[in-house]
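J.: Here is the input, now give the coordinates:
(chains A, B and C)
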Amino acid sequence: MSKYSMHLLVCGGTGCHAAESDAIVCNLRDELEAKGLLDSVQVILTGCFGFCEKGPIVKVMPDNTFYVQVKPEDAQTIVEEHVIKGRKVNRLLYKDPLTKEAVSDSKHMVFYKKQMRIALRNCGFINPENIDEYIARDGYQALGKVLTEMSPEETIKLVKDSGQRGRGGGGFSTGLKWELARKNVSDEKYVVCNADEGDPGAFMDRSVLEGDPHSVLEAMAICGYSIGASDGLIYIRAEYPLAIERLKIAIGQAREYGLLGDNIFGTGFSFDITLRYGAGAFVCGEETALIHSMEGLRGEPTVKPPFPAESGYRNKPTNVNNVETFASIPAIILKGARWYSSIGTEKSKGTKVFALAGKINNVGLIEVPMGTTLREVIFEIGGGIRNVKKFKGVQTGGPSGGCLTEKHLDTPIDFDNLIAAGSMMGSGAMIVLDEDDCMVSMAKFFLEFTVEESCGKCAPCRIGNKRLHELLGQICEGKGSLADLDRLKNMSLVIKDTSLCGLGQTSPNPVLSMMDNFREEYVAHVTHKKCPAGQCKSLMEYIINLDNCVGCTACARVCPVNAITGERKEVHLINSATCIKCGACMEKCKFDAIYIS
Amino acid sequence: MSSIKIELRNEDVDFIKATCSKFNSDPQELINVLHSCQEHFGYLPAEVQEVVSGHLNVPVAKVYGVVTFYSFFTMTPKGKHPISICMGTACYVRGAEKVLEEFRKELKIQVGGTTSDNKFSLSSLRCVGACGLAPVVLVGDKTYGRVAPDDIKGILKEYEK
Amino acid sequence: METIKLTIDNKEIDVHRGTTIYKAARELGIDIPTLCYMELHDMGIENNPAGCRICVAEVEGRRNLAPTCSTKCEPGMKVKTHSTRVLNARRTVMEFILSDHPKDCLVCSKSGNCELQDMSHRLGIREIPGQEFAATSTYRKDTSPSIIRDLDKCIMCRRCEMMCNEVQTVGALSAVNRGFMATVAPAFEQNLEYSTCTYCGQCVSVCPTGALTEVNHVPQVLRALNDPTKTVVVQTAPAVRVALGEEFGLAPGSIVTGKMTAALRALGFDYVFDTDFAADLTIMEEGTELLDRLTRHLKGDKTARIPILTSCCPGWVNFFEHYFPDLKDVPSTAKSPQQMFGAIAKSYFADKIGINRKDMVVVSIMPCLAKKYECQRDEFSVDGNPDVDYSISTRELANFIKQANIDIKNLHDEEFDAPLGESTGAGVIFGATGGVIEAACRTAYEVYTGKKLERIDFTELRGMEGVRSATIDFNGLPVNIGIAHGLGNARKLLDEVRSGKSQFHAIEVMACPGGCIGGGGQPLHHGNSEIIKARAAAIYAEDRKKPLRKSHENPFIIKLYDEFLGKPGSEKAHHLLHTHYFDKKKKIIVKK
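T.: Now for the predicted structure:
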C-alpha cells in the first residue's frame, strides 16, 4: 500500500453488491481517472463491513471516514469533495439515531464499539482478490510459523489450549477434533471446510469467504499439516457465486505464491485445495451428509460413530471444520492460545460472529466476545427494535435453535448458556422478533423449513416434522385444542430423541422453546381461538366500525363470497362465518370503517 | 414425468461426454458434472441424466436420486426471467410471504412453476445473505431489496416487452 | 478378539468388541423390534440404514436414544430397551410411520405376512392421533410383468434399494426425492418395465410391507382349471418342494414333494409334472454344448468361446442382456428348464395325448418372479401361444391351496405323473447354488471320459459363499468351474470374462442369493438366513434319496431322445430347446 496516498474501500459483500456497489467502484474509478488521480488514490472492492443495514458502504482511508447508503451517483461528490478538497460529505455520514449527530469514524459508532473482530479481522480492510493485501496484514505468517517452528503436535496443542470450539453448531473442541484426525493413521487424509451455510438468516460464512478467503485457505493448510493431510476441500453452496469466484482467485494466487501446492516454504509439506459445490440441501451441513454429498451421493447422514476423523471422505480420516472456525485459526496461532482463551467465558473462548437480522434497526454482521449479553447485542449494537415496536424475542441458532425472550436478555451468550436457555449457538443467526410476530406462526415457519429440508432417511424427521407442521397449522387456523399442545410437546420430544442426525434432533427446538416461553400465546390460539399478534389469518375477524360506515356498498361489491350485507346508505355488516379474510373490503373502504380484531 | 422431452443433438451428447471426461469420469464427481450440465442446458432433462449415467457408470436411478435430492437441480426448464423470492427468516419476518403471494397472483403460477409464455418462473430460496435488504427478490442476476407487495407490478413491467 | 462386558435390561453380557447392542440383546434373548434392519447372516447381506428408529434404546449417559441396530457395545454400557421413555418413543415413531401408510390391510396382499402390520400389533397401536388432517405421501402405482410397486406403502426401510444395488448391482432402484416425498423408485419414477430391472424379485422378498409384491396369476390359473376345453399341465420347480411347507407352519427345510403333488392334483390339474424332468433335459443339452465348446477350444478352435455360462436363470439372462450384451454369445443357448418343459409339453406331450397345443395350458410353480417375465417373452411362443402360459410363485401356490380348503399337511404323498414327472437327483439340485453345474459335471464327466463316476457328490461345488471355484478332474483334464449366486457376484465373474482374464471353463450363475431356494417367489425369510440354509440341506437330502442321480440315466429322457429329439444338440433339439439373447442396453438416440 505504498504508492497510494488514499484508499477508497467499497463494500463488496452480498448485500452491498446487490445494491450496486460494483457501479460505485466503476464510477469512483471513472471520476478519479477524469481528475488524473488514479495513481495516487486506489479504489478497492472489499469484503463485508458488517453494517449491512446502511449499505452500500464506502470507507476512506487513512482518515477512516465511513460513508453509508452510498449511491453510484455519489461517486462524483466523494471524489470532488473528499478526495480533492478534503471535505467530508456530510450527507453521506452515519447519523447517530439518538443524538442525530453525524459520526464519521466507525470506531465511534455504537454498532462497532462493542465488537471485537478476530474471524472478521480483515473483512472490509483488504481487497479479497489481492493476496498481497492479506500478506500485508500478517497473512500466511501463521502457516510459516507452524511449518518452520512447530511440530504438528505442538500446533494441535496450541489450538486445543486456545479453547476454541467449532463454530458450526455443535461446539466441539477444534483442537480435540484435530487430535482425533491426527491419531488415525492412513496414507490419505482430508481437510474439509464446511461452507454450506444453509441456515436461513445466516450469512457469516459467506461474508468471510467473500471478504477474506485467504484466512480460510491458510487455516486449512495449518490443519492439514497438523493432522497429516495434503488435500483440502471446500464444500460451498453453489448459490454463493461471489464467494466461489473469490475463493477461486485466492486459491490461484496462493498457488502462484507457493503457499499452496508442493513443498510449501521449502519444508517438504504439500497441501492443495479444491472446491466442491453443494446443490441446495440444508442437511449437508451435517458432516456425514456433507461427506456423502462430496462423494457424489444423496446428502443423507449416516450414524456416528464412525466419525469422519476415523472414516470420512473416501473412507479416509477427515477433519471437517466450518468457515468461521478456520478463519480464526491464523490469529490464534500468531497471538497464542493464552490470548485467545483470555477472551470469552469459562467454557466458550474467543469471539463469535452473529448475523443480526429481523425486526432490528441495525441489520448486519457482528463479531463479539463470548459472554456479551443479548441486551448488548440487540439494543446497543443492533440499535434496538425497528419502528418503535416492542421486543418480543430473538431466535438464535436458526431453525435448529430456540427463541429467547426478555428474561434472557442479560444472559451472557455462550454455547452452554444458550443450550441451558433452550436454544443453541448454531451457526450464529439471530433473528429479532417484535410484538407483531406470532409465535405459533413463527414455529410453523421454521418447521416448514425443516420439512422441506429433511432428507427423508429416518422416520421421525421425515414424518414427525410434517405432523408437527400440520398440527401447528391447525392451531393457527383455530382448530387446535389444549390436548394438542401436549401432543405437540410429546411429538417434539420424541423427534429430538430418536432422529438420526442433528437436523431432526434439533428441528423441534423452535416449537419447544416458543411453547415454553410463550405458553399463553399458544393457549390463546387453542382456547380463545385468538392470535394475540394478529398474524393468523383464520383467527382474525374483520369488523365494520358502525360510526365510520356510510353505506357506500363498495365493500359488499368487492367481497368475493358475499359475506357483507347492508342496504345502501345504511351501516353494513360482515358475516364472519362466511368471511374468508381476504382483506379486499378493507382495501376498498375509503372511510377507514373496516378493522381487524 | 414432468420433464419436456428434448431431442439430444450430437453436440449435446459430446458436451456431456466432454464434461464427464473433464472430471475423469469419476462417479464421485456426479454433482459437479450435473452442475456443469445444468449450467449448459438450463435444466436436467431425463435424456441428459441418461447420458451422464452412461459416462460416469452410475445407475440412472441413482443419478435421478441425486437430482431429486438437491433443490438446486431442476428437471423443468426455467422461464426466461427466473424470479426467486428469498424466504430466509430475515426476509420472512419482513414480509416475504406477502411478496411471494403477490407474485403468485400477478403471474398466476405456483412456486416452482413457469408462465405459459416461458417468460417467468417462480421459486423461493433460502437466504441469499442480503438480510440487510430484506425482503429480497432476485430476477435473473438482478437483486431487488426492501421489496413491498406494491412494487411487484413495477418489477414485472421492467421485463415486459 | 477382545470381549467387553455390558448390561442390557439389568442382565450382564460379554460380547466381542464391535457387536451392536441389537445383536448383544438377541444373545440375551431380548428381541428388540426393528423395521428396517435386516441381516442375512453368512451371505454378507446387511441392511442397516438406521432409518426406522423403532429399535431405539436408552443408553445411560447418552443424550438421545440410540439406534441399537447400529450402535456398538461399549464396556460398562447400561442399556434399557423397555423404559417408559423408550416405549413412548417407539410408539410415537410407529404412529408417525402408520400415519403415512394406507389403512387397507384387509385387502392388502401382504396382510398376515406383513412386518409393519405385525409391528403395529406388537406395539399395541390402537389409534393414530391426528390422522384426520395428516397428509400422506402418494405415488403412481406400477405393474410390471412380475412385480407390483405400490409406494404408498413404502416405509423407506431401504432394503429393496440395498438388494438391488449392493447385492444385485442391478441399479434399477434408488432412493428418490427428499423429505416427506422420499421413496425408492426407478429413474424418473417410471415403470419398472423401462428400467434395467431383471425381475429377480429380491426387492419383493425383503419388503417388510405391501409396497413391493408379485403380480398374482392365480385367477388366470383358476379360470383355466375351470375351462373344460383346456388340458391343464403343471410343472413344479425343485426349490418349491423344500419351501412350500413353511407357508403351512412346517419347519424350514421340510420336504413336501408328495403332499404338493397331491395338492396340485386336488386343485384339478390334469397332469402334475416336474420341472426336474426338464432340468435333466437341460443338462443333456447344456452339458453337450459345454463338452462341444470345451473340446473344440482345447483343439485350438478360436470360435469356441470359453467359459460357457449357464442360462437356466431368467433373472441372470435379463442381467447380462442389460449389462453385458457384448457377451451375449458366451452363455449356453439352452433354454431354462421351465421353457424346455413348456416346449416339450406343447409338442411331444401334446402329440402323445392327441391334443392341439392351443388347448393345453402349461402352468409352472416357481420360486421365482423372473419366470413370470420369462414365459411372456415373445420368442417362447408359437403363433402367439406361449409354451408356458402362467407362472405362479411358491407363495401364490400356497395361497391357492388355502383358498381351495386343502389341508396339505394331512394329505397322503402322491407321485408325479409320467412321462414328464420322472427326474433324477441331478434335476433336484438345480434348486441350490452350485447345483446346475454339479449336475452338469455328473453327466459331462461320464460322457467325456466314458467312465463311471465314482463319487457323485461334488461337495466342493456346494456352499453359500458368493463366488466359489473348484477344479474337477475329468480323467486328467482339469476343468475349472466358477460359481456365483447373487448378481453382484455374477458381475465380478463377468467382468473377468469381458477383460479376458477368466480362468474358468464353465460358470454357473444364479441371480438370487442361495440360488432358487432363495428366490423372489419363495416364502418370505424375514431376514433369517437359517431358513435358506435349511432349504439347501433339504435339496441335497432329496437328491440323496433318489435312486438315479445323473440326468443321462433318466429313462424318460432317454426315451424322449429316442422317440422324438434324436440326440442332444440335434436340429430338432435346437429348434425346441435352445434360444438366443438380445441386447437390451439403453441406446441414446441422437437427433440431427
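J.: Show me which residues of stretch C:107-122 are buried.
T.: Within stretch C:107-122, the residues that count as buried by 16 or more other Cβ atoms under 10 Å in any protein chain shown are C:108-110, C:113-117, C:119-120. Just so you know, the C-beta spots here come from the backbone N, C-alpha and C atoms, and that holds for glycine as well.
J.: Looking at the residues you listed, which are in helices?
T.: Secondary structure from DSSP state H places C:115-117, C:119-120 of the buried residues of stretch C:107-122 in helices.
J.: I'd like the residues you listed laid out as TSV, including pLDDT and distance to B:Val93.
T.: Shown next, in TSV, are those (pLDDT from 0 to 100; distance: Cβ to Cβ, whole Å):
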residue	pLDDT	distance to B:Val93
C:Glu115	97	45
C:Leu116	98	41
C:Gln117	97	45
C:Met119	97	42
C:Ser120	97	42
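J.: so what pLDDT did the residue nearest the centre of chain A get?
T.: Nearest to the mean C-alpha position of chain A, by Cα atoms, centre = their mean, lies A:Ala202 at 1.8 Å. As predicted, A:Ala202 sits at a pLDDT of 80.
J.: Roughly how far does it sit from A:Asn130?
T.: A:Ala202 is 27 Å from A:Asn130, where distance means Cβ to Cβ, to the nearest Å.
J.: tell me which element C:Glu286 falls in.
T.: Using DSSP states H and E, C:Glu286 sits in helix C:275-298.
J.: For B:Val136, see how far away the one residue in the stretch 1-150 of chain A that gets nearest to chain B is.
T.: Minimum separation of the stretch 1-150 of chain A from chain B (Cβ to the nearest Cβ) falls at A:Cys52, amounting to 2.8 Å. Going from A:Cys52 to B:Val136 by Cβ to Cβ gives 11 Å.
J.: For my notes, please list the buried residues of stretch C:107-122 in TSV and give distance to A:Ala459 for each entry.
T.: Putting the buried residues of stretch C:107-122 into TSV (distance: Cβ to Cβ, whole Å) gives the following:
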residue	distance to A:Ala459
C:Cys108	20
C:Ser109	23
C:Lys110	19
C:Asn113	22
C:Cys114	17
C:Glu115	14
C:Leu116	11
C:Gln117	16
C:Met119	12
C:Ser120	14
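J.: Among those, which one lies nearest to A:Leu247?
T.: Within the buried residues of stretch C:107-122, proximity to A:Leu247 (Cβ to Cβ) peaks at C:Leu116, which comes in at 47.8 Å.
J.: Spit out the contact partners of the closest one.
T.: Residues counted as contacts of C:Leu116 (Cβ atoms under 8 Å, 6 or more residues apart in numbering or on different chains) are C:35, C:97-98, C:101, C:155, C:208-209.
J.: what residues are up against residue 143?
T.: This is for chain A. Neighbours of A:Leu143 in contact, by Cβ under 8 Å, 6+ apart: A:218, A:221-222, A:225, A:259, A:264-265, A:330.
J.: actually it's chain C I care about, not the one you picked
T.: C:Thr143 touches C:149, C:191, C:215, counting by Cβ under 8 Å, 6+ apart.
J.: If you rank the residues you listed by neighbours, which is first?
T.: With neighbours taken as other Cβ atoms under 10 Å in any protein chain shown, the top of the contacts of C:Thr143 is C:Arg149, carrying 28 neighbours.
J.: now the residue of chain B found nearest chain C, nearest residue through space, not along the chain?
T.: In chain B, no residue comes nearer to chain C than B:Pro59, which is 2.7 Å away by Cβ to the nearest Cβ. Excluding the flanking residues, the one nearest B:Pro59 by Cβ to Cβ, 6 or more residues apart in numbering or on different chains is C:Gly171, at 2.7 Å.
J.: what's the neighbour count on the one you found?
T.: 24.
J.: just checking, it touches C:Thr196?
T.: Yes. Using Cβ atoms under 8 Å, C:Gly171 is in contact with C:Thr196, at 6.3 Å.
J.: where do the contact lists of these two overlap?
T.: B:Pro59.
J.: ok now do residue 68, which residues does it touch?
T.: Unless you meant another one, I'm taking chain A. A:51, A:54-55, A:57, A:92-94.
J.: you looked at the wrong chain, it should be chain C
T.: Applying Cβ under 8 Å, 6+ apart, we find C:Thr68 in contact with C:20-22, C:25, C:32, C:34, C:55-57, C:79, C:81.
J.: what's the distance between it and chain A?
T.: Per Cβ to the nearest Cβ, to the nearest Å, C:Thr68 is found 11 Å from chain A.
J.: hang on, the earlier thing: out of the contacts of A:Leu143, name the ones that lie in strands.
T.: Within these, membership in strands is found for A:Ile264, as judged by DSSP state E.
J.: Look up how far A:Tyr190 lies from A:Val223.
T.: Actually, residue A:223 is Cys. It isn't Val. 10 Å.
J.: where do the contact lists of those two overlap?
T.: A:229, A:232, A:319.
J.: which intervals of chain C have sub-threshold pLDDT?
T.: C:588-592 (pLDDT under 70).
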